[in-house]
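Chemist: no sequence on this one, just coordinates:
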């Protein structure tokens, strides 16, 4: 992990007090201070500096909002695109799991095992997604895992 000067530490502290997330701190360290750090290193930096991230309070949803969003969710996915979902309850024996719907509407279950190795199990025996779907899946999986806090 990179050593920060007192001025840089003060800058990071200010970002945290302004409500910056770990990913935005990571981006700003790179773009504004020229310091490249992994997401985990940024997490450790914030912990080492005894800084507390501000959690943004989500607006409370009414029952009508919940029903409306549940109905609208399937339509939100682009037609023919790749959609990745993270399981609310992780399958036994893995770190994180979920499913993916590829552009041809084929569905597969995905997981990261306890050592961080990925796995993909198509629900249709012998199915193999095309290369562009795989690349899109990897990008969307990364985004979904970050959003879920992994």
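Modeler: Received, thanks. Only a predicted model underlies this, so the values are computations on that prediction, with no experimental measurement involved.
Chemist: could you use CA atoms for every contact and neighbour count after this?
Modeler: Noted.
Chemist: identify the residues contacting residue 129.
Modeler: Residues in contact with residue 129 (Cα atoms under 8 Å, 6 or more residues apart in numbering) are residue 102.
Chemist: how near is it to residue 138?
Modeler: Applying Cα to Cα, to the nearest Å, the value for residue 129 to residue 138 is 12 Å.
Chemist: longest helix anywhere in this protein?
Modeler: Longest helix in the chain by number of residues, with DSSP state H as the criterion: helix 131-147.
Chemist: specify the beta-bridge partners of the nearest residue to residue 107 once chain neighbours are set aside.
Modeler: Among residues not flanking residue 107 along the chain, residue 101 sits closest, at 4.5 Å (Cα to Cα, 6 or more residues apart in numbering). Taking DSSP bridges, one finds residue 83, residue 107 as the beta-bridge partners of residue 101.
Chemist: and the pLDDT at the residue nearest to residue 118 when sequence neighbours are not counted?
Modeler: Nearest non-adjacent residue to residue 118, counting by Cα to Cα, 6+ apart: residue 112, 4.4 Å away. Listed pLDDT for residue 112 reads 91.
Chemist: and residue 112, that one's in a strand?
Modeler: Yes: applying DSSP: H, G, I helix; E, B strand; the rest coil, one finds residue 112 inside a strand.
Chemist: can you list phi and psi of residue 122 for me?
Modeler: Dihedral angles of residue 122 (phi, psi; degrees, to the nearest 10) stand at phi -70, psi 140.
Chemist: residue boundaries of the strands in this structure?
Modeler: For the chain, the strands defined by DSSP state E occupy 83-86, 94-101, 107-113, 118-122.
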